[in-house]
Structure formats: structure tokens, C-alpha cells
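Asker: I'd like to go over a predicted model; first the sequence, then the structure.
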Amino acid sequence: MILSGKIGYGPGLPVDEGVLKKLAIAVQEARGDRSQREFSKLLEVSQSTVQQWENGKNVPSLENLEKIARMKGMLVEDFVAYLYDRTRGITSKDILDRVEVMPSRDFAQILHVIGDRLAPPEEGSQGKGAEKGKGKRVKAEKRLRLVRERQKDAVELGE
């Protein structure tokens, strides 16, 4: 609904041009290489609806905002805060909630970084061919053991 140059969206959340532009970009980013038709089927909306979002002519429902946020690896609350240029302090619960919606590839990358931090790769330990693959698996298992041990220690200490 358009009112005085602003589009009403939810209780007390007017959608101005800046929000519409950020939303349009975010929708395009979430769509990625998919066509508007493919993306619309994924979200169970019409292609013209996606086109309206990308042209700043309409805004998604809360349900679709949540789907778009998840595609971007975000919680809907963080996505809306991003659209409105508002930030919130991050808590451990926020991090755990983000991990829940994170794409597997991103999660794997984070685990790799955590593993490297807990057990830095040893120099010169990588072999060739099958040995290289075996070495990576052994390192991953070692990292996972360390993560579990630290997690157990944290729980015991009440952190």
C-alpha cells in the first residue's frame, strides 16, 4: 500500500526507497544464477512477484522474507535489521541460531577455520595422492576431537 510516498509494511515499519533498493539487491543476491522463474517456483510465488521485488514495486510477505533471509544465511530479524540499517549486539544464541540456517558449504568453511584455530595444520605434513586425502581426513578427525573436547570443557565450566 502506498501512502505519501512511503509503502506501509507491518506495524510501524514504513518501507522507504532506501529499504526497497536494499531489498531489491538482496533478492537478486538470494536469487543468484537462478532465473526469476526458477526462484519464484522455489519461493512458491509468481514470477511477476519476484520481478516486483527486484524493481522495488512490492515487498515480500514475512514468510517470504524469512525464506530470502535463510537463502542469504541470515535470520529474518537480522535481515530486517540489515534492510533498515539497524544493528544489534550479537550473543552466543544469535550465533547458534545463525548456524541453524547457514548453508552447508558455509558451515563447512567455518568448521575448517575453527579446526585450524584449534589445531593449526602442521607444515610439511601433506603427502601426495591418496596420502594427501588420508592426511586431510585424519586432520579433520583430530580437529573434531579437539572441538568436542573444548565444548565438553566449556559445558563443565558453565560457559
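Answerer: Received it, and whenever you're ready, just let me know what you need. Residues are numbered from 1 along each chain as shown.
Asker: Could you list the low-pLDDT ranges of this protein?
Answerer: 1-14, 88-90, 120-136, 151-159 (pLDDT under 70).
Asker: again, only this time at 50
Answerer: Within the chain, the stretches with pLDDT under 50 are 1-12, 127, 129-130, 159.
Asker: can you pull out the helices in it?
Answerer: 17-31, 36-43, 47-54, 62-71, 76-83, 92-101, 104-118, 130-157 (DSSP state H).
Asker: Same list (those) but as TSV, adding mean neighbour count.
Answerer: Bear in mind the C-beta positions are built from the backbone N, C-alpha and C, glycine included. Shown next, in TSV, are the helices of the chain (neighbours: other CB atoms under 10 Å):
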stretch	mean neighbour count
helix 17-31	17
helix 36-43	17
helix 47-54	18
helix 62-71	18
helix 76-83	18
helix 92-101	12
helix 104-118	12
helix 130-157	12
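Asker: for the chain, which residue is closest to the average position?
Answerer: The chain has residue 73 as the residue nearest its centroid, 1.0 Å off, counting by CA atoms, centre = their mean.
Asker: and the residue nearest to that one when sequence neighbours are not counted, how many neighbours?
Answerer: Once flanking residues are discounted, residue 73 sits nearest to residue 102: 5.0 Å by CB to CB, 6 or more residues apart in numbering. Neighbour count for residue 102, taken as other CB atoms under 10 Å: 16.
Asker: pretty sure residue 102 is in contact with residue 74, am I right?
Answerer: No: using CB atoms under 8 Å, residue 102 makes no contact with residue 74, being 9.1 Å away.
Asker: circling back to that earlier point, list the residues that contact the residue nearest to the centre of the chain.
Answerer: Shown in contact with residue 73 (CB atoms under 8 Å, 6 or more residues apart in numbering): 98, 101-103, 106.
Asker: so which of these comes closest to residue 65?
Answerer: Closest to residue 65 out of the contacts of residue 73 is residue 101 (13.0 Å), distances taken as CB to CB.
Asker: The closest one is in contact with residue 75, isn't it?
Answerer: Yes: between residue 101 and residue 75 a contact is recorded at 6.4 Å, counting by CB under 8 Å.
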